[in-house]
Each structure stands twice: as structure tokens, then as C-alpha cells.
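Visitor: Please work out how this folds:
(chains A and B)
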Amino acid sequence: MTHDEIRTALYSLADGALTNEEKRTVETHLPSCASCQLALDQWQKISTTLFPQPSISEIQEDRVVAVVMERIRTQATRPFLSLTNLLRWVFPLVGSAMAAAWVFFYIVPATPEISSLPASDSDYYSSSTPEAVSSQWNVMPAAYHDDMVVSMIKE
Amino acid sequence: MEKYGELMRLYNQKVLGSCLSMLHNRSEAEEAAQDIFTKAYHNLAKFQGNSSFSTWLYRITTNHCLDILRKRNRRRTTSLDALVESEGDHIEAIFATSRTALTTLESKDLVDKILSALPEDYRTILTLREAQGLEYQEIAEILDCSLDAVKGRLSRARKALQEHLQHFIKNENVLIKEGDR
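Guide: Okay, the predicted model is just below:
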């Protein structure tokens, strides 16, 4: 192992993640290399300062269990039509159902079906009487109508 | 339901400890642990036994704490470089004091600032390894990554942190023997 490899493996030594051979190499190297020893000691100082073992009291543990059990009990006994359930599930569900009904009963029937439209322009003109074509002009949007007339006059 | 109470008692210390290590705030950690256990109870059906229960619970814990940290970091974002430059004297002081003296609010706040300045994945993996003492394999399962990814990320995280902080650790404060220098 090179010096850089040993330096990288230093931390794994403390983690107990080295093979027996790697462990032996690092342990043999450490006493003879002041910079590696210093790096390892510095890391241990950083580790104990920034990542101390958490100390937890029994009171704290009991409090967590008590609060969670209380929450679970409350949620289990809460009626289906409680205010929380109404806000979280019932209102959004009813709202979505109403929106879907509106789309199906009002929007979809108003859209012409493809089959009712002429297949091509020639079909349209051959099957249309002059009166029918004229009535088409009448129902065209005013703006479209005006533009057409203006461009025809110019031509 | 009472069985879940027993299960909670088995894992309470681990979950609460993880929350405390990640959040550095007792009341926030306690509240987080309560939310985690409640969430775990409602998602018990989703536990398929592909990993151990403790790994599954740790995963929920880590993700929950990360969410809290993300919300917290939105308010406060200081880079490690900027922090080291502005708080150099205080950082030196926390490494000079003994561990038991590290109980002042100011010191705790500074430690929290240093950890907050680390990239999220570095902070998470260092907490799982250094504070929780988890094995590489467990960390890989919790973070859902390979063993090599854990080794690489851990090595980079340690290097980054040490490069920034080594200048503030005086030699007499480390456990080095005089003869080794």
C-alpha cells in the first residue's frame, strides 16, 4: 500500500472495515508516521466534538411512547366524518366527483362527434346546397367574416 | 396496538438518538421521533421484510430528519468556507474545550452551523457512522446505495470536514504522543 492509500484506509481502521492484511499494514505504518498519526488523532477529535453519542433519558423515551400511543388511540377512535377527515378526504373527493360530472354531462355532449363531420372538402361542397353554404357564412364569427370580406375586396 | 408500544420501546433509543444526532435539538428530536413512530405505525403494511425492521425504521427516521433539516436550511445557508472564516476563533475554542464543556448553547449552535454547512449527503452519512456507529452494510441499506458508494462518500465527507477544520485543532488538543512527532 502506498502512503496515500494508507492515509485513506486510516479511517476505515477505526470503522473496523479493513481486511486483516490491510489492518496489519496500517497498524505497522502508524507508529513510524507522525503525519498519519496526527491525521487520525485530529479526526478523532473532530468526531467526538461534532458527533457526540446522544444521551437520552428514560423520561424522554417514555414521553415519546406515551404521545405516540395516545395519537394512535385517538386516530383509531375518530369517527369517519370528523372535521380532519372531512377536510382531508371527503371534501376533495366530492369536489373531484362534481368536476368529473360537469365534464361528462356538459362539456363532452357539446363537442361535435367526428363521424358527423364531412370526410373531405369535396364531400362538403357536393352535399351542400348554396343556401346551406350561405347559412354557414352567417354563423361564422364576425371577425373571421370581416377579414375574409376585406381580403376579397382587396384582391 | 399494545404490541406496537413494546416494539417502540425496543427501537426508541435508536430513533430518538438518530433524531438528536441529526437535529441537535432535544425538543425537536422528541417531536420528530413521535412523528416517525406514528408514520411507521400507519405504514406497517408497507413493510415487506426485504430489509430488517430496524433498517426500515432508520430509513424513515433519516428521511424525516432530512426533511426537517431542509426546511431549516432554507432559512440559514452559510458555506463551510465562510463559516470557518467568520467563526474561526470560536471553532478553535470548541476543539480546545473538553467534551463535557461542550454544553453551552453557543457551542451547540456552532456545531450545528458547521454540520448545516456540509452537503446533505455528507452530513447524513457522517451522522450514521460517527454518532450512530452503524456498519457500512447497514448504512448502504438505509441510504439505498452500494457498499462502495458508502465507503467513497464517507471518505470524501471526512476529508472535506477535516481539511476545513484541521487548522483549528491545536496539536496539544489531540491525543498524540510527543515521541511520535
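
Visitor: okay, CA-based contacts and neighbour counts for the rest of this
Guide: Noted.

Visitor: could you point out where chain A is predicted with low confidence?
Guide: A:78-82, A:85, A:110-150, A:152-155 (pLDDT under 70).

Visitor: likewise chain B?
Guide: Using pLDDT under 70, the flagged stretches of chain B are B:75-77, B:97-105, B:170-181.

Visitor: Walk me through the domains of it.
Guide: Domain assignment for chain B, taken from automatic domain parsing, gives B:1-75, B:77-172.

Visitor: Chain A too?
Guide: For chain A, automatic domain parsing gives the domain ranges A:3-50, A:124-154.

Visitor: Same list, the domains of chain B, but as TSV with distance to A:Asp41 please.
Guide: Output for those, formatted as TSV (distance: least, C-alpha to C-alpha, whole Å):
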stretch	distance to A:Asp41
domain B:1-75	22
domain B:77-172	9
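
Visitor: Let me have these in a markdown table, extended by mean neighbour count and distance to A:Leu18.
Guide: A markdown table is the format used below for the domains of chain B (neighbours: other C-alpha atoms under 10 Å in any protein chain shown; distance: least, C-alpha to C-alpha, whole Å):
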| stretch | mean neighbour count | distance to A:Leu18 |
| --- | --- | --- |
| domain B:1-75 | 17 | 23 |
| domain B:77-172 | 16 | 11 |
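
Visitor: Just give the closest residue to B:His24, not the sequence neighbours.
Guide: Beyond its immediate neighbours in the sequence, the residue positioned closest to B:His24 (C-alpha to C-alpha, 6 or more residues apart in numbering or on different chains) is B:Asp112, lying 6.6 Å away.

Visitor: element containing the one you found?
Guide: helix B:105-117 (DSSP states H and E).

Visitor: I would like the residues contacting that helix, please.
Guide: Contacts of helix B:105-117 with the rest of the structure, by C-alpha atoms under 8 Å, 6 or more residues apart in numbering or on different chains, involve A:50, B:24, B:73, B:77-80, B:83, B:90-91, B:94, B:102, B:123.

Visitor: one more time with 6 Å
Guide: By C-alpha atoms under 6 Å, 6 or more residues apart in numbering or on different chains, the residues outside helix B:105-117 that reach it are B:Thr78, B:Ser79, B:Leu80.

Visitor: among the residues you listed, which are in helices?
Guide: Of the contacts of helix B:105-117, the ones assigned to helices by DSSP state H are B:Leu80.

Visitor: Could you let me know which of the contacts of helix B:105-117 ends up closest to chain A?
Guide: Set against chain A, the nearest of the contacts of helix B:105-117 by C-alpha to the nearest C-alpha is B:Leu80 (14.1 Å).

Visitor: Contacts only, for B:Ser51.
Guide: B:Ser51 neighbours (C-alpha under 6 Å, 6+ apart): none.

Visitor: Look up how far B:Ala45 lies from it.
Guide: 14 Å (C-alpha to C-alpha, to the nearest Å).
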